[in-house]
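K.L.:
Build the 3D model from these lines:
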Amino acid sequence: MKNKTFHYSALTTALLLSLNPALAETQAGEMLEEINVVGSMNKLDVQPFNQAKSATVLDNQTLTAQGIEKADEIARYQAGFTSQVFGSDINTNWFRVRGTEASQAIDGMPALSQGFFTPQVEMYGVEGVEVIKGSDSMAFGASNAGGLINYITKRPNKENIGKGEITTHFGNKNQRGIGADYTGSLNSDDSLHYRLVSRYSHADGEWNGTWSENYYIAPSLAWDISDKTNLTVLTSYLKTVGVPSSNFLPQDGTLIPTAQGRISSHANLGDPTQDYEKSISKSVGYEFNHDFGNGLSFSQNYRYQIIDNRHRGAYAYPSGYDANWNPIPLAQSNYEVARAVVYNNGTAKSHSVDNRLSWKYSNEVINNTLVAGMDYRNQKFDSLYTLFGTQGMVNVYDPAASYGTAATINAPRVLIKSRQSGFYLQDNVILWDTIGLSAGVRHDRVRNSELASEQNVRKNHTSYSGSVMYFNDLGLNPYYAYTESFRVPTGLSGNATLYKPNITKQHEVGIKYMPEWVDGTISVALFQAKDKGALVNQGTGATVSSADPIKRKGVEVQANLNVTEKLQTLLAYTYVRSVTENANGSKTNTALIPKHTLSTRVAYQFSDKLNAGVGIRYVGKSVTASGSLYSGYQVPSSTVVDLFARYQISENLAAQVNIDNLGNRKYLAGCDYYCYYAEGISAVGNLSYKF
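P.N.:
All right, here's what the predicted structure looks like:
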């Protein structure tokens, strides 16, 4: 029986600081070793390196080695990504892939996605992360144009019965926490086995008075009903409390210093004495698989999630304004700006189900996988919400003086219902072990409604995809792919209306190389995409559907190489250009997106016990938003250095330290109408005991 699977290679494990260099013994020119894990969004069961698209998998050892505490940190050493474009936000993950937003999924099922009802991901509970870069509506229909990020949660594995782990960590930002992970059996033949993962963590934010505390538990149960049928039940509970980040700062005083100098990189222009965050996310779901024989199998995934969120966060306006609402420098407003308050108090619920039949057929000429399926998603958001409460003025150089002042918050009820049903057909063919062809078609029906204002959006859409890839004995595999994405965002725009559809069409050419002269892989991809109806910022924090198309193009290079048995290297380079084609014929560069990013990471196995290395991250220049105070100004580039080391104290006990931004460099992650300071130095030590 073939489960819905994702694959990762022994190379991937070794590459990013695995302690055992023997894991890197995959010989050049051989097929990468495949390891099956349920929870994937890859319905065609094709290893990422053999897909005619930019796809990758980060396994648990990679996530642990990089010290990933927050989901958006996975982007730091991956081509195509722009990481933490709004700085380090303790209560939100910010991704940009190929110059725009990416969709997130959990165990192959789409996650809730609407404002404060977008779930946090406890990375200790994650087994691996799948990434598809670029538009792709074949996986589960509605998705952002940047791509898909799928978190595969930890679940029972027979090989780990009786094994477990206890881990603790601490850091320079008051980080502290403890986690536990254990797998056990409930019967004598181990056909019924379970896993229990739990963690507590605390961390202070970059901005004065901000902090976050998480409580997580995730029991799961696997039942091997027969040698052809299995069922995995996955549950989770995550409670987050704290004071949210308020990282929106004026361009004046950050990008350009005023007569008073620059605004502190820790300045909180919100109100930590009144701001709060409390979110509880609960989920239950299952993955069912049955093998009928003769290559025919059936799979069904179901996930129910509920999020209760209470959020209050004051934030400053990006500048002062004159009588005509034109932005003015801070000196003209006595270095004071008005504050608004975003408020949310409500509940979101989501049901998602995916049914599919897979048929595999092969002979001496053809190797074919055909998948047909249907899925359904039902979401409901019911909350008291406003983006525009008011709380007086704040001095950007002395924000504490205005903490505790009275606020006016009038939050109307927002009740949104969203339904999507989809039917899809995908086929992947390999001819003579040389030519790979794939094609897909998907039809979606979306119904969004806002009951209080009696608004409705109805859209039927058909998406197509197709690709070709050539495999040869040199390990040099060129490909071409055409993909589309389709999405009707949930929520209300800055105009208090439901969003219009966002449709993207993308062309991609690339080459994937597994050289004989070194153990590793090298991938190069060139893409060009056009977005219609993409979401754009109004300048007040609200978004609307763009009336003008956005064109994006770029180049991605990823090299994962084991230079020797002891030396592993990684290199990721990205070039992206994103422009809006305005109705008057002019073009506007997209804010927050640097044209060039480059990162490299080198690890060396000094002994059987010690593995250590260095990482360097370069983020190139970007531009501010058109219409902002310093419209179209360049945001300077930046380079930071990371250090890491892991020491195997004994067979069961290991210590690890990860230091990000070693020099504690103060720099801007990016600017749109606001500017956002990047994260300063972060030093975290971890002690883990496996048994």
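K.L.:
Per-residue pLDDT of the residue lying closest to L570 once chain neighbours are set aside, please?
P.N.:
Counting by Cβ to Cβ, 6 or more residues apart in numbering, R601 is the residue found nearest to L570 once chain neighbours are left out, at 4.4 Å. Just so you know, the C-beta spots here come from the backbone N, C-alpha and C atoms, and that holds for glycine as well. Note for R601: predicted pLDDT of 97.
K.L.:
Contacts made by the helix or strand containing R601 with the rest, please.
P.N.:
Following DSSP states H and E, one finds R601 within strand 596-605. For strand 596-605, contacts defined as Cβ atoms under 8 Å, 6 or more residues apart in numbering pick out 16-17, 19, 21, 65, 76-77, 81-82, 565-575, 611-621, 642, 644.
K.L.:
partners of it, with directions?
P.N.:
strand 567-581 (antiparallel), strand 610-619 (antiparallel) (DSSP bridges).
K.L.:
Just send those strands back as TSV, with mean pLDDT and distance to L238 too.
P.N.:
Shown next, in TSV, are the strands paired with strand 596-605 (pLDDT from 0 to 100; distance: least, Cβ to Cβ, whole Å):
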stretch	mean pLDDT	distance to L238
strand 567-581	95	30
strand 610-619	98	29
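K.L.:
and these as TSV, adding mean neighbour count?
P.N.:
As requested, the strands paired with strand 596-605 are exported to TSV (neighbours: other Cβ atoms under 10 Å):
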stretch	mean neighbour count
strand 567-581	20
strand 610-619	19
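K.L.:
need the ones you listed in TSV with distance to T240, can you?
P.N.:
Output for those, formatted as TSV (distance: least, Cβ to Cβ, whole Å):
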stretch	distance to T240
strand 567-581	30
strand 610-619	27
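K.L.:
of all those, which lies closest to Y397?
P.N.:
Y397 sits nearest to strand 610-619 of all the strands paired with strand 596-605, at 27.0 Å, using Cβ to Cβ.
K.L.:
wait, what's in contact with Q455?
P.N.:
The contact partners of Q455, by Cβ under 8 Å, 6+ apart, come to S449, T497, L498.
K.L.:
and the host helix or strand of the first one, which strands flank it?
P.N.:
Right, the one you point to is S449. For S449, the host element (DSSP H and E) is strand 435-450. Note on strand 435-450: by DSSP bridges, its sheet partners are strand 413-431 (antiparallel), strand 455-470 (antiparallel).
K.L.:
in this protein, what spans have low per-residue confidence?
P.N.:
1-39, 491-496, 535, 537-547 (pLDDT under 70).
K.L.:
Would you tell me which strand is longest in it?
P.N.:
Looking across the chain with DSSP state E, the single longest strand is strand 366-395.
K.L.:
Centre of the chain to that strand, how far?
P.N.:
14 Å (Cα atoms, centre = their mean, to the nearest Å).
K.L.:
Ok, stretch 626-642 next?
P.N.:
Worked out by Cα atoms, centre = their mean, stretch 626-642 lies 23 Å from the chain centre.
K.L.:
start to end distance for that stretch?
P.N.:
34 Å (Cα to Cα, to the nearest Å).
K.L.:
Next: stretch 404-415.
P.N.:
One end of stretch 404-415 to the other measures 31 Å (Cα to Cα).
K.L.:
cool, and stretch 460-479?
P.N.:
In stretch 460-479, first residue to last residue: 31 Å (Cα to Cα).
K.L.:
Over to stretch 318-334?
P.N.:
Rule used - Cα to Cα; the end-to-end distance of stretch 318-334 is 14 Å.
K.L.:
picking that back up, of the contacts of Q455, closest to Y479?
P.N.:
Taking Cβ to Cβ as the measure, L498 is the one of the contacts of Q455 closest to Y479, at 37.8 Å.
K.L.:
bridging residues for the residue lying closest to R419 once chain neighbours are set aside?
P.N.:
Once flanking residues are discounted, R419 sits nearest to R447: 4.7 Å by Cβ to Cβ, 6+ apart. Per DSSP bridges, the residues bridged to R447 are R419, R458.
K.L.:
pretty sure R447 contacts N378?
P.N.:
No: taking contacts as Cβ atoms under 8 Å, R447 lies outside contact range of N378: 9.9 Å.
K.L.:
and for these two, which residues touch both?
P.N.:
Shared contacts of R447 and N378, defined by Cβ under 8 Å, 6+ apart, are found at K417, S418, R419.
K.L.:
Out of the residues you listed, which is nearest to Q506?
P.N.:
S418 (24.6 Å).
K.L.:
The closest one: what's it in contact with?
P.N.:
S418 is in contact with R377, N378, Q379, K380, F381, V446, R447, N448, S449, V488, T490, counting by Cβ under 8 Å, 6+ apart.
K.L.:
If we use 10 Å, what do you get?
P.N.:
Going by Cβ atoms under 10 Å, 6 or more residues apart in numbering, S418 touches 113-114, 142, 350, 377-381, 446-450, 457, 488-491, 498.
K.L.:
in the stretch 1-150 of the chain, which spans are helices?
P.N.:
10-15, 60-65 (DSSP state H, counting those that start in this stretch).
K.L.:
what about stretch 593-609, start to end distance?
P.N.:
40 Å.
K.L.:
pull the CA atoms of the helix or strand encompassing E277 into CSV?
P.N.:
According to DSSP H and E, E277 maps onto strand 276-293. Only the C-alpha atoms of strand 276-293 are listed here, as CSV (Å, rounded to 0.1, in the frame of the first residue of the first chain):
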residue,chain,number,x,y,z
TYR,A,276,-2.8,41.5,25.0
GLU,A,277,-2.9,38.3,23.0
LYS,A,278,-4.7,35.1,24.0
SER,A,279,-5.3,32.4,21.4
ILE,A,280,-6.4,28.8,21.8
SER,A,281,-6.1,26.5,18.8
LYS,A,282,-7.6,23.0,18.9
SER,A,283,-7.6,20.4,16.1
VAL,A,284,-8.6,16.8,15.4
GLY,A,285,-8.3,14.9,12.2
TYR,A,286,-7.4,11.6,10.6
GLU,A,287,-5.6,10.1,7.6
PHE,A,288,-7.1,6.9,6.2
ASN,A,289,-5.5,4.7,3.6
HIS,A,290,-6.6,1.5,1.9
ASP,A,291,-4.8,-0.5,-0.8
PHE,A,292,-7.1,-2.4,-3.1
GLY,A,293,-4.2,-4.1,-4.9
